[in-house]
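# For reference, the sequence and a predicted model appear below.
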Amino acid sequence: MRQVSQNYRTGRIRLEEADAPGCEPGGVLVQTAFSLVSAGTEGMKVREGRMSLLGKALARPDQVKKVLRTLRQQGPQATFQKVMNRLDSLTPLGYSLAGTVLDVGPGAEEFQRGQNVACAGAEYAHHAEVVFVPRNLVVPVPADVALHHAAFATVGAIALHGFRRSELQLGETAGVVGLGLLGQILVRILKAAGVGAVGVDVSPERCRLAVDGGSAAATVPDDPRLAEDVGRLTGGRGLDAVFVTAGGDSNQPIELAVELARDRARVIEIGKTRVEIPWNDYYQKELEVRFSRSYGPGRYDPVYEEDGIDYPPGYVRWTERRNMAAFLDLVAQRRIDLEPIITSIHPFEEAEQVYQAMAEGRSGGLGMLFRYAATPAPAPPPPPRTAERAVARRSQARIGVIGAGNYASTMLLPHLAADPRSRLVAVATRSSLTALNASRRFPFERHGTDATDLLSSGDLDAVVIATRHSSHAPLAAAALRAGLTVFVEKPLAIDRAGLEGVRQAITAGGNDRLMVGFNRRFAPLLVELRDFFSPRAGPLFLSYRVHAGQLEAGSWYLREDEGSRFVGEGGHFLDVFAFLTGARPRTVSASTLRPASATPDDRENVAVTVTYDDGSVGSLLYLTQGARRVPKEQLEVFGGGRTAQLDNFALLHLYSADRKQTRKARSDKGQRAEMSALVEAVCGGGPLPVSVDDLIDTTLATLAVGMSLRRGAPVSMADFWAHQEPPATPGEVADRPE
């Protein structure tokens, strides 16, 4: 798809080819029909982008303060690199659009595919052909409202929230200082509310447009008739409220407001202008200055905007979403006519030329729109848990194995060797003796030390990768490119670069037949535990205590270049959470107990909390310092009036309202059933038991633990799903492979 981007360092604006977003839980995927170009907000960004570095600093003193804090904390070199990286990044433009719903994520079922909607948010409603927008920033478009009018819903909500902040009543009179797009809409809202309006702007043409839109009078600031009009319309009292919707560096709008206002009137700042209060003047009239924050309550609140948690109407009557809907209702009732405000509609293909004209001061428009071609809607992305590509059926699975260390030789290969559907064709290990020993213990037809030869041999259907952690991702990517079904022991990758290599191999070759050794989801008692909570009556709370025990000094598990011990093993337990909840992780938060001499990213003893998009919460305590005789794993699950306790995969207690059940078994962590599922998928040609999306989610959640430990703050999984680095915080330790 195409999207407008700005390089803030050079100021260059381009129409980029970009990947379309996916549809995430709690929101909708929208194909844009029209997006609104804000001559004020976006024009300011365009002009700032063309400034020198000094000019940018002078224009954004708030950002300069952040840079100075970073300079004190991290020094000049790191600060310079961060500043230049931020300046050189591509940023989106746009925050108000209308279009058609392509797909609906879980939790946003109030919308339907094919429905016309208006969308808001500088973080979401960009100038792009396809956007993902959370539910609380989306409203249905009434049947009587054209989509090019619905694209004004965000600016309309800003004006409407400013009106509500004024607390004006029927019959009162207000001033609007600044008759740009926002001011013109506000004039029309005042008329619809039965409030008289007096407009002020430096442009006589905009003043005439305001009068046509319902303003009782409108003139330029230095016109002597302005005071006469205000006195005539208010009986000499002055204006009951003054809205400052102008932008720029002048303090004149604030000074003018006090001249026009009556005693104890209200001044509402909506635009972005200099605000230096003339104290004596404001004091003598006892004026009240109010700021109006964007679209209304909910703005800048991630719980409202991102998580979709609405405010009860009894406590917050008009949220930003309700303001958008109310504005569109006014348009539908013909109480607001937007057509005179629309100065131009441009094909989206002309976006670069439009911004160039804006930067050169040639646009001169108020309501400028981009119109998007009515191209066939792209197919919505598959849901997160679609089955992998099917292949032809066969009587035996021809399997190669790379790596035959202790775990593979004790936990994997015995089950494959015992399965009559499995044919062990080849084994490759770094050590020739290890390969020879494996061929003697198990019925391999050949053995060697070259993994590349094994992958390119052409006589295999599947490969099992059980090497050291750092080699998993590159070997898995190579095996996928070779067209094989791939089983890789956990972890799938020790860092995001390795995981991205696997993802690219899947995308490039179309081979998504991948399985990771998260064996616990195949354990019989865990399967019974999951079934005990089915059907689900609500979210689950899961508490998992893992006593991993101490490793011997020098163990390769502790080597940094192999990731970390938790990265190598933690995915097991996070996968149990995913298996039981059936939901995607939303946030990951981690903390650690460690001696004073430990490094900031020590992950030997960690407490991890994972929230899921269905409301479930998983709490993992991963420890190494306890007594050796303590069983390794204990899991408790609560939800829907039921409780389950699983002790080391050997004893299961199930509690419901009226009974308790107990199951005992030999400790079985699922490796046999896991290998059987692999062979079945290869022989039967059907999907593998776990979707690639789930494997990637669990891997990313595991890596996010390290990120959270370094940052000392929760990590949002949305940053990872978007293939982006989570935003850095001052003083953050430089990221390095987990």
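Now that the structure is in, tell me what you want to look at.
# what about stretch 347-367, start to end distance?
Its first and final residues considered, stretch 347-367 spans 14 Å by CA to CA, to the nearest Å.
# Please identify the buried residues of that stretch?
For stretch 347-367, the neighbour count (16 or more other CB atoms under 10 Å) marks 348, 351, 354-355, 357-359, 363, 365-367 as buried. The way it works is simple: take the backbone N, C-alpha and C, and place the C-beta from them, glycine included.
# Identify each buried residue in stretch 335-350, please.
Residues 336, 338, 341-342, 346, 348 are the ones in stretch 335-350 that count as buried (16+ other CB under 10 Å).
# same for the helix or strand where residue 280 lies, what does it pack against?
Residue 280 belongs to helix 279-285 when elements are defined using DSSP states H and E. Counting contacts by 3 or more CB pairs under 8 Å, 6 or more residues apart in numbering; DSSP states H and E, helix 279-285 is packed against helix 252-260, strand 261-269.
# Now with 7 Å, please.
The contact analysis (3 or more CB pairs under 7 Å, 6 or more residues apart in numbering; DSSP states H and E) places helix 279-285 against helix 252-260.
# Could you list every helix and strand in contact with the helix it packs on?
Going by 3+ CB pairs under 7 Å, 6+ apart, helix 252-260 lies up against strand 173-177, strand 239-244, helix 279-285.
# Past the last one, which element shows up next along the chain?
Toward the C-terminus, helix 279-285 is succeeded by strand 288-291 as the next helix or strand (DSSP H and E).
# in the following helix or strand past that next one, what's buried?
Downstream of strand 288-291, the first helix or strand assigned by DSSP H and E is helix 302-305. By neighbour count with 16+ other CB under 10 Å, helix 302-305 contains the buried residues 304-305.
# how far out from the middle of the chain is helix 302-305?
12 Å (CA atoms, centre = their mean, to the nearest Å).
# List the strands paired with the helix or strand hosting residue 139, with their directions.
Using DSSP H and E, residue 139 falls within strand 138-140. If you go by DSSP bridges, strand 138-140 pairs up with strand 116-120 (antiparallel).
# the strands in the stretch 401-550 of the chain, which residues?
422-428, 446-448, 462-465, 485-488, 514-516, 541-547 (DSSP state E, counting those that start in this stretch).
# Let me know which of those is tucked in deepest.
Burial of these is given as mean neighbour count (mean count of other CB atoms under 10 Å); strand 485-488 ranks first at a mean of 28.
# could you list every residue that touches the closest residue to residue 32 other than its chain neighbours?
Among residues not flanking residue 32 along the chain, residue 99 sits closest, at 4.3 Å (CB to CB, 6 or more residues apart in numbering). Taking CB atoms under 7 Å, 6 or more residues apart in numbering, we find residue 99 in contact with 30-33, 117.
# pLDDT wise, what is residue 2 at?
On pLDDT, residue 2 comes in at 89.
# That one and residue 679, how far apart?
Distance of residue 2 to residue 679, given as CB to CB, to the nearest Å: 46 Å.
# Give me the more crowded residue out of these two.
residue 679 (23 against 19; other CB atoms under 10 Å).
# For the helix or strand hosting residue 159, name the packing helices and strands.
Element membership of residue 159, judged by DSSP H and E, is helix 153-166. When contacts are defined as 3+ CB pairs under 7 Å, 6+ apart, helix 153-166 packs onto strand 96-104, strand 116-120, helix 181-192, strand 261-269, helix 320-332.
# Out of these, which is closest to residue 138?
strand 116-120 (5.1 Å; CB to CB).
# Mind checking the pLDDT average for the helix or strand where residue 663 lies?
With secondary structure defined by DSSP H and E, residue 663 is part of strand 660-664. The pLDDT scores in strand 660-664 average 93.
# quick one: buried residues of it?
Quick answer for strand 660-664: no buried residues (16+ other CB under 10 Å).
# what lines up beside it in the sheet?
Looking at strand 660-664 with DSSP bridges, its partner strands are strand 651-655 (antiparallel).
# Would you mind splitting this protein into its domains for me?
2-45+93-152+302-371, 165-291, 397-517, 520-672+686-721 (automatic domain parsing).
# Would you format these as a markdown table with distance to residue 159 included?
As requested, the domains of the chain are exported to a markdown table (distance: least, CB to CB, whole Å):
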| stretch | distance to residue 159 |
| --- | --- |
| domain 2-45+93-152+302-371 | 8 |
| domain 165-291 | 4 |
| domain 397-517 | 43 |
| domain 520-672+686-721 | 30 |
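# Among those domains, show the one with the smallest mean pLDDT.
domain 520-672+686-721 (a mean of 86).
# count of neighbours near residue 690?
Residue 690: 22 neighbours (other CB under 10 Å).
# Which one of the domains of the chain lies nearest to residue 158?
Closest of those to residue 158 is domain 165-291, at 6.2 Å (criterion: CB to CB).
# related to what we said a few turns ago, can you tell me which of the buried residues of stretch 335-350 lies nearest to residue 527?
The closest of those, once distances to residue 527 are taken by CB to CB, is residue 348, at 51.1 Å.
# check contacts around that closest one.
Applying CB under 7 Å, 6+ apart to residue 348 gives the contacts 2, 370-373.
# State whether residue 701 is indeed within a helix.
Yes. Counting by DSSP: H, G, I helix; E, B strand; the rest coil, residue 701 is part of a helix.
# ok, for it, nearest residue in space, not its chain neighbours?
Nearest to residue 701 is residue 585, by CB to CB, 6+ apart, at 4.6 Å.
# now that neighbour: how far from residue 680?
In terms of CB to CB, residue 585 sits 28 Å off from residue 680.
# of these two, who's got more company?
When residue 585 and residue 680 are compared for neighbours, residue 585 comes out ahead with 26 against 16, by other CB under 10 Å.
# just to revisit the earlier point, so can I have a markdown table of the buried residues of stretch 347-367 showing distance to residue 409 and secondary structure?
Output for those, formatted as a markdown table (distance: CB to CB, whole Å; DSSP: H, G, I helix; E, B strand; the rest coil):
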| residue | distance to residue 409 | secondary structure |
| --- | --- | --- |
| 348 | 60 | helix |
| 351 | 60 | helix |
| 354 | 66 | helix |
| 355 | 63 | helix |
| 357 | 70 | helix |
| 358 | 67 | helix |
| 359 | 67 | helix |
| 363 | 71 | coil |
| 365 | 72 | coil |
| 366 | 74 | coil |
| 367 | 71 | strand |
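# any chance of those residues in TSV, plus distance to residue 292?
As requested, those are exported to TSV (distance: CB to CB, whole Å):
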residue	distance to residue 292
348	31
351	29
354	28
355	27
357	30
358	25
359	28
363	26
365	24
366	20
367	20
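# List just the nearest of the residues you listed to residue 660.
Taking CB to CB as the measure, residue 660 lies nearest residue 348 of those, at 63.4 Å.
# Out of the contacts of residue 348, which two are the most distant from each other?
Most distant of the contacts of residue 348, by CB to CB, are 2 and 371, 13.2 Å apart.
# just to revisit the earlier point, for the contacts of residue 99, pick the one with the most neighbours.
When neighbours are taken as other CB under 10 Å, the top entry among the contacts of residue 99 is residue 30 (30 neighbours).
# hang on, residue 630 packs against residue 548?
No. The pair residue 630 / residue 548 is not scored as a contact, 10.5 Å apart, by CB atoms under 7 Å.
# Name the residue in these two with the higher neighbour count.
Shown here are residue 630 and residue 548; by other CB under 10 Å, residue 548 has more neighbours (19 against 12).
# what separates the more buried one from residue 112, distance-wise?
48 Å.
# How about residue 715?
Distance of residue 715 to residue 112, computed by CB to CB: 33 Å.
# what about the two, which has more around it?
Per other CB under 10 Å, whichever of residue 715 and residue 112 has more neighbours is residue 715, with 24 against 11.
# what pairs with the more buried one across the strands?
Judged by DSSP bridges, the bridge partners of residue 715 are residue 588.
# any idea where the helices of the stretch 601-738 of the chain begin and end?
671-684, 692-711, 717-721 (DSSP state H, counting those that start in this stretch).
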